[in-house]
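In: Here is the input, now give the coordinates:
(2 chains)
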Protein chains: 2
Amino acid sequence: MELTSDWVVGFTDGEGCFYVGIYEHPEMSAKYQVLPEFRIVQHKRDVQVLFALKKFFRCGVVRKNREDRMELRIRKISCLSSLVEFFERHPLKTKKNVDFKRFAKIVRKMENQEHLTRDGLEKIVRIAAKMNTGEHSRLNEILEKISG
Amino acid sequence: MELTSDWVVGFTDGEGCFYVGIYEHPEMSAKYQVLPEFRIVQHKRDVQVLFALKKFFRCGVVRKNREDRMELRIRKISCLSSLVEFFERHPLKTKKNVDFKRFAKIVRKMENQEHLTRDGLEKIVRIAAKMNTGEHSRLNEILEKISG
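Out: Now for the predicted structure:
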């Protein structure tokens, strides 16, 4: 299955998810781990589309999501960097682009190792807390802890 | 907002819905009304994408779906005919294409007025019952009534 850039943008506008997980991690210098990921979930009947996307981005893992769903998940920072470049060249058309831009900022900061300092982490959590993931309150709690 | 064909295909692969409603309608010659529709539902924040799609297809109505969702709905048969031609020239990549082909067959039959005869209606309901809409049992009941 051959995918074009515009199809990938349209499909991502519909089904893509830019997510930044922030997890407590006592062993890390800033006490929290930042885990950005790009995810597309599909019913297993469409797993071949996930493999085509994996091939398109030359990145990611196709794995079980839950029940009869599969997902393509991209977590590697070098992969997310090239994903970010792709969606900067080919912008999303829905409001998902607002979250994408926040996601892109966080990926860039991680490329610069900023997530390993308390100050950089705080900036990242502030950006992540604005994203449309239903985690505002949890992330604001973390913010209070690390900026206090 | 300018949309390309490939973006529209990708977005429809994600968010589009091809639906054929079959409703009891005593005043119609075949006792049932066939109402195919193409629908894309979005959160109201992305209503401008629905208007861009309406402009792209030169068809349809943007209206409230429910709560904070809006939809583009295309029902007019002449509009559905040109929509069908579009997705035949630019095929969907997900398994939604299987349902689309059934939808296309039904739209063609309606263009030929086949839904107005009992025999044509039966053929249409048989196709609709195969579609992935969770209505198999309801449509099979209708089939028993009209083919009995």
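
In: so which residue of chain A comes closest to chain B?
Out: residue A:14 (2.2 Å; Cβ to the nearest Cβ). (Each C-beta comes from the backbone N, C-alpha and C, glycine too.)

In: these two touch, right, that residue and residue B:11?
Out: Yes - judged on Cβ atoms under 8 Å, residue A:14 makes contact with residue B:11 at a distance of 5.1 Å.

In: in chain A, which spans are strands?
Out: Ranges of strands in chain A, per DSSP state E, are A:16-24, A:32-43, A:61-64, A:69-74.

In: what does chain A put close to chain B?
Out: A:1, A:3-15, A:42-43, A:45-46, A:49, A:52, A:93-95 (Cβ under 8 Å from any Cβ of the partner chain).

In: low-scoring pLDDT stretches of chain A, where are they?
Out: Where chain A drops to pLDDT under 70, the residues are A:148.

In: Report the central residue of it.
Out: residue A:37 (3.1 Å; Cα atoms, centre = their mean).

In: any idea how far it lies from residue A:61?
Out: 10 Å (Cβ to Cβ, to the nearest Å).

In: Pull up the overlap in contacts between the two.
Out: Shared contacts of residue A:37 and residue A:61, defined by Cβ atoms under 8 Å, 6 or more residues apart in numbering or on different chains, comprise A:73-74.

In: just to revisit the earlier point, so the residue nearest to the centre of chain A sits against residue A:74, correct?
Out: Yes - contact status for residue A:37 versus residue A:74: in contact at 6.4 Å, counting by Cβ under 8 Å.

In: Touching both of those two, which residues are there?
Out: In contact with both residue A:37 and residue A:74: residue A:80, using Cβ under 8 Å, 6+ apart.

In: Return the list of helices and strands in contact with the longest helix seen in chain A.
Out: Secondary structure assigned by DSSP state H gives helix A:96-111 as the longest helix of chain A. Identification of packing neighbours for helix A:96-111 by 3 or more Cβ pairs under 8 Å, 6 or more residues apart in numbering or on different chains; DSSP states H and E yields strand A:16-24, strand A:32-43, helix A:77-89, helix A:118-129.

In: Select, out of these, the one closest to residue B:19.
Out: Proximity to residue B:19 (Cβ to Cβ) singles out strand A:32-43 among those, at 17.3 Å.

In: Understood, closing this out.
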